[in-house]
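Enquirer: Fold the following.
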Amino acid sequence: MSQQEDKGVRNSISFDLEHWYTATLLVNDVVDPVDRIVESTDIVLDLLDRHDVTSTFFVVGHVAEEYPWLIRKIHDQGHEIGSHGQTHKPLFDLSPAEFERELTESGTAIEAATGEYPLGVRMPNFSLTRQTKWGFDILAQSDYRYDSSVFPMKTPMYGVSGGPIAPYWVNPRNPFDSMAAVESDERSLVECPLAVTNTFPRIPVAGGFYARVSPVKVLSWGIQRLNRAGIPANLYFHPWEFNPDVPVSEPRLHKRVVSFSGIDRLADKVERLLTTFEFGSVSDTIRTALGPNALELQESRTSKNAQHFG
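Expert: This next block holds a predicted model:
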């Protein structure tokens, strides 16, 4: 049961469902990998079930095609299914036409497995940045209602320095200004950024590597600080990060450190967080933050889609 003091704030927890050896730092280094996707997913599903928490799984389209029964199982247990691209290629490595194809193909694969087209998308490696902001225009014209790819601080691999830290409506012409769409009354796409603290400098508490190497007290402090300011914390993990059988010795030392450090302690940390704070799916967090109809297809967007695809 949640002990969260800040009523009306719904944090989100999500899992990027991919083969562990397709992670950006591992994809070119792992030799003859063992498939761990089913057992890793079952570990996470059991954890969520124990705490009666609904989450979002952002699924790679190829995984949905390979394991449709697994994606149906996740969906049938009440979790939201979003897209994690079709091939797990970051936006940095895609052209606009390829990005549009990734969105369509992954959405179709997920719909075939679950019977529902996904509402949301998260690009691998948080690769929606100032460098690739053209992706927002394609997303705004697509059938997706929200994105959760923006990491609102700069890191060596990704991120948007000074990006908004709370869910907001996106104006594709000015996608990192949280007021740009509101001021123009253009509300066709929502962004739900990953969790960093509202401090200077910002501290990442979003999950993944940051959760594996940070003390749980730091994570709890960061989430609580956001919640007290009325800001939901959007956390992410990968099912393989909960599986102690995943780590291998092939990658170079720095890649092993980033990819595998703290795997043996992550489940206990997430247990603590699920006990302390209220969590739900990303779409539930957006509806709580921006209104119950935030993810409905707007009339203006229907017209834009007709123009784009007609």
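
Enquirer: Do a quick rundown of the helices in this protein.
Expert: All helices of the chain, identified by DSSP state H, fall at 37-50, 61-66, 68-76, 96-114, 134-140, 180-184, 208-213, 216-228, 253-260, 263-276, 282-290, 299-309.

Enquirer: out of those helices, nearest to residue 146?
Expert: Nearest to residue 146 among these is helix 282-290; the distance by CB to CB comes to 5.8 Å. Where C-beta positions appear, they are placed from N, C-alpha and C, glycine not excepted.

Enquirer: what mean pLDDT would you report for that closest one?
Expert: In this model, helix 282-290 has an average pLDDT of 97.

Enquirer: Next: stretch 42-57.
Expert: 98.

Enquirer: go on, stretch 227-237?
Expert: The model assigns stretch 227-237 a mean pLDDT of 97.

Enquirer: Check which residues of that stretch are buried.
Expert: 227, 231, 232, 233, 234, 235, 236, 237 (16 or more other CB atoms under 10 Å).

Enquirer: mind giving me CSV with those and columns for distance to residue 264?
Expert: As requested, those are exported to CSV (distance: CB to CB, whole Å):
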residue, distance to residue 264
227, 28
231, 31
232, 29
233, 24
234, 25
235, 19
236, 19
237, 14
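
Enquirer: related to what we said a few turns ago, nearest to residue 18, out of the helices of the chain?
Expert: Nearest to residue 18 among the helices of the chain is helix 61-66; the distance by CB to CB comes to 6.5 Å.

Enquirer: so who does the closest residue to residue 121 other than its chain neighbours touch?
Expert: Excluding the flanking residues, the one nearest residue 121 by CB to CB, 6 or more residues apart in numbering is residue 83, at 4.3 Å. Residues in contact with residue 83 (CB atoms under 8 Å, 6 or more residues apart in numbering) are 58, 59, 61, 103, 106, 107, 110, 118, 120, 121, 122, 144.

Enquirer: Next: residue 154.
Expert: Residue 154 neighbours (CB under 8 Å, 6+ apart): 160, 161.

Enquirer: same thing with the one 5 residues further on?
Expert: If a contact means CB under 8 Å, 6+ apart, then residue 159 has 126, 129, 151, 152, 153 as its contacts.

Enquirer: for residue 136, what are its contacts?
Expert: When contacts are counted by CB under 8 Å, 6+ apart, residue 136 is found next to 128, 147, 170, 172, 175, 189.

Enquirer: Out of the residues you listed, grab the one that's most surrounded.
Expert: Neighbour counts for these (other CB atoms under 10 Å) peak at residue 128, which has 31 neighbours.

Enquirer: wouldn't that one be in contact with residue 137 here?
Expert: No. Taking contacts as CB atoms under 8 Å, residue 128 lies outside contact range of residue 137: 11.5 Å.

Enquirer: Note down every partner strand of the lengthiest strand in the chain and its orientation.
Expert: Longest strand in the chain by number of residues (criterion: DSSP state E): strand 11-17. For strand 11-17, the paired strands and their directions (DSSP bridges) read strand 56-59 (parallel), strand 234-237 (parallel), strand 279-280 (parallel).

Enquirer: neighbouring contacts of that strand?
Expert: 37, 41, 44, 53, 55-60, 63, 74, 82, 84, 122, 124, 148, 192, 207, 223, 227, 232-239, 274, 277-282, 284-285.
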